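Engineer: Sequence first, predicted coordinates after that:
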Protein chains: 2
Amino acid sequence: AAVDKGVDFANYFCTYAFLYHQKEMLSDRVRMDAYYNAIFENKHHFLGKTVLDVGTGSGILAIWSAQAGARKVYAVEATKMSEHARALVKANNLQDVIEVIEGSMEDVSLPEKVDVIISEWMGYFLLRESMFDSVICARDCWLKPTGVMYPSHARMWMAPVRSGLADQKSNDYEGAMDDWHCFLEDTRNCYGVDMSILTKPFAEEQKKWYLQTSLWNNLHPNQVIGTPATVKEIDCLTATVNDIAELRSNFSSVIKCNTRLCGFSGWFDVHFRGRMEDPAQKEIELTTAPSVDNGTHWGQQVFLLNPAIPVYEGDDVDVSFAMTRSKDNHRLMEVELDGRVKQPSGNLFQPFRKTFFVE
Amino acid sequence: AAVDKGVDFANYFCTYAFLYHQKEMLSDRVRMDAYYNAIFENKHHFLGKTVLDVGTGSGILAIWSAQAGARKVYAVEATKMSEHARALVKANNLQDVIEVIEGSMEDVSLPEKVDVIISEWMGYFLLRESMFDSVICARDCWLKPTGVMYPSHARMWMAPVRSGLADQKSNDYEGAMDDWHCFLEDTRNCYGVDMSILTKPFAEEQKKWYLQTSLWNNLHPNQVIGTPATVKEIDCLTATVNDIAELRSNFSSVIKCNTRLCGFSGWFDVHFRGRMEDPAQKEIELTTAPSVDNGTHWGQQVFLLNPAIPVYEGDDVDVSFAMTRSKDNHRLMEVELDGRVKQPSGNLFQPFRKTFFVE
Ligand SMILES: Nc1ncnc2c1ncn2[C@@H]1O[C@H](CSCC[C@H](N)C(=O)O)[C@@H](O)[C@H]1O
Ligand SMILES: Nc1ncnc2c1ncn2[C@@H]1O[C@H](CSCC[C@H](N)C(=O)O)[C@@H](O)[C@H]1O
């Protein structure tokens, strides 16, 4: 389905036109350090080379690329942020190296192919926003056969977690429904209309909101109660849109302690390894895993089960995971988790199966 | 400029597709009582008549119209809420009277002209959302020459106010700028890029956000420090889009006590009077003025001045008021206030002139 540009702008791009939002990303130390080190500890990839920055935003990655010695940097940005990027480039006296181009990557034409494509395209749980599509498109059109991708690899992780959010959201949902029943009574008594026929759709709407929408959270590592598992690996040099539009995989996690399984957490990491024939001198990793000191603005996405399931050290959680794009908005995702807890004795717990919305 | 339907849906209609949002409106007692009384205390306008409900939402106004004896009610709703409205109509056994039609009012065709157009089209400060355009369109196409409008009249008010929000928002803005300067320093020290060229646009963005965007508030009546003034009167039977797309008027207010003029508050009321030849039996008013017990979900819009201006009992505040639609979104507004404080002695205070965004 073709995406309407105007709608896509209203739903997605608009926030990126605010310096406030760019500043949030520029203040994420983990993110910044990773890209900074990836570039400056691998100058050989940039020295005298041509670079394309897909979605340059404030222009930061383009500027670093130029400072690392790039001959030419094309910095493409869909929003009016391009004007600020251009001003920043000029103020740093890099206007002869960096060309800021306002436009969608999909529509832009460059005068030459490039040696490096750099981009910070990652959304919540890696693929939300579907911006990697634009990087793939850029790569297929503009990367030389010998070119490298920054980052070069990405992985998605899931792990079972415990979290007070499970009870909290259940309570919120119950509260909303109690409130609804008072509302029904008032509407019948004061205004003579019986709205009880809407109870079911209202409950569904609220269930979706409170219980089926994944939550942003920076978890403490000890909230992770089982071994994390990789649910997807992406080679940025070869991945196709087909590879990422629909994910399916099975994973298994061993529970580490006696506790309650409140749900699952999803996060990602990306790596800067260059390419096989032209590897990084220093490999850099950017991870958004639960961490005490190195939280990111991505946090983790939490998928809650209701009710929580009691689990014991040594139990196995087997899950079949599927992620697809929302029918109405290709930048949002739906996640299905279909699983069960298996005790070492062989006993099986009641299986769970739930659909979540990554909004 | 023609409005793109998809964009308009993404920006505007989408929220109305949630029962949660409809419930908020259905829980506004002041709003509900006014429409309920307007209908049931003026049954002669409905008995045996044909009615058009523009933007029926949950269907409540259509249902009341039918309960008041309407022969036929056309209930038009742009969003999928129409399906819930249809279910509600059926559950209340009114499916023979009420026809729920999903579509934009502008696109819908009715089999006949109607005696009454009822609609709850009011946004913040009356005109935000520009939904009255659709009511005008419905009226010009589908109202009989003898038909009546529910509501029949609307007025916009402004009054000088005092409010702690003025200092609070100033502080928020200062805080955001302090934070920005720390950010600049970090970015220079840690990442070798001087972003100070972006200070001015960042300040403008934050100023717009904290200081130039009107605020939702349910003011206490004693925060109103001068006589309220009408800035616009609308006769719903005759008003044209031209009459409301751009407002200009001068108003004057007498200060009631020695205090600080922190800004202005804007609100509205609407009236149900029928039409001259076919008046209401009982006139009903719905007001969103500051009130201790009768606050509405509309509240008032507050337009803050920075800094506040000291004023004294008996001072005159003269303001020239202009309201236009935002260039980028016809459903949002820009308000310009250009004024001065005149003391009885004839002394003039430093004039103020400020543009605000009703977002
Ligand atoms: N298809 C596309 N074409 C051009 N710009 C795009 C795009 N998809 C996303 N973007 C832009 O990509 C940016 C992603 S945020 C990253 C900004 C910057 N590179 C940084 O690392 O700080 C946003 O500014 C967004 O507007
Ligand atoms: N041009 C248009 N055509 C059809 N519906 C419209 C419309 N403009 C706004 N609406 C709908 O009008 C409703 C306004 S809210 C009022 C809902 C209901 N009449 C009530 O009083 O409770 C929303 O549901 C919105 O989707």
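Structural biologist: Looks like it came in fine. Numbering: from 1, shown residues only, chains lettered A, B, ... in the order given. Ligands and ions are numbered 1, 2, ... in the order given.
Engineer: For residue A:167, see how far away whichever residue of the stretch 201-350 of chain A sits closest to chain B is.
Structural biologist: In the stretch 201-350 of chain A, the residue that lies nearest chain B is residue A:202 (4.7 Å; CB to the nearest CB). All C-beta atoms are positioned from the backbone trio N, CA, C, and that covers glycine. As judged by CB to CB, to the nearest Å, residue A:202 and residue A:167 stand 22 Å apart.
Engineer: hang on, the earlier thing: skipping its backbone neighbours, what lies nearest the residue of the stretch 201-350 of chain A closest to chain B in space?
Structural biologist: In this structure, residue A:202 finds its nearest non-sequential neighbour in residue B:19, 4.7 Å apart by CB to CB, 6 or more residues apart in numbering or on different chains.
Engineer: pretty sure the one you found contacts residue A:198?
Structural biologist: Yes - at 6.2 Å, residue B:19 counts as touching residue A:198 under the criterion of CB atoms under 8 Å.
Engineer: immediately after the strand or helix carrying the residue of the stretch 201-350 of chain A closest to chain B, which helix or strand?
Structural biologist: Taking DSSP states H and E as the definition, residue A:202 sits inside helix A:199-211. Downstream of helix A:199-211, the first helix or strand assigned by DSSP H and E is strand A:215-217.
Engineer: same for that following strand, what does it pack against?
Structural biologist: For strand A:215-217, the elements it packs on are helix A:165-191, strand A:300-311, judged by 3 or more CB pairs under 8 Å, 6 or more residues apart in numbering or on different chains; DSSP states H and E.
Engineer: Mutual contacts of residue B:19 and residue A:198, please.
Structural biologist: Shared contacts of residue B:19 and residue A:198 (CB atoms under 8 Å, 6 or more residues apart in numbering or on different chains): B:58, B:84.
Engineer: that older thread, next up, the contacts around the residue nearest to residue A:202.
Structural biologist: By CB under 8 Å, 6+ apart, residue B:19 lies in contact with A:198, A:201-202, A:205, B:58, B:81, B:84.
Engineer: And the pLDDT at residue A:347?
Structural biologist: What the model reports for residue A:347 is a pLDDT of 83.
Engineer: what residues does chain A put near ligand 1?
Structural biologist: Proximity of chain A to ligand 1 (CB under 6 Å from any ligand atom) is limited to residues A:13, A:16, A:25-26, A:55-58, A:60-61, A:76-79, A:81, A:104-106, A:120, A:131, A:134.
Engineer: Give me the subset of those residues lying in helices.
Structural biologist: Among those, the members falling in helices (DSSP state H) are A:25-26, A:60-61, A:81, A:134.
Engineer: Quickly find the element holding residue A:138.
Structural biologist: Using DSSP H and E, residue A:138 falls in helix A:132-142.
Engineer: buried sites along the helix or strand just after that helix?
Structural biologist: For helix A:132-142, the following helix or strand on the C-terminal side (DSSP H and E) is strand A:143-150. For strand A:143-150, a neighbour-count test (16 or more other CB atoms under 10 Å in any protein chain shown) marks A:143, A:147-150 as buried.
Engineer: And for stretch A:167-174?
Structural biologist: A:169-170, A:173.
Engineer: show me where the stretch 1-150 of chain A has strands.
Structural biologist: Under the criterion DSSP state E, counting those that start in this stretch, the stretch 1-150 of chain A contains strands at A:50-54, A:72-77, A:98-102, A:114-119, A:143-150.
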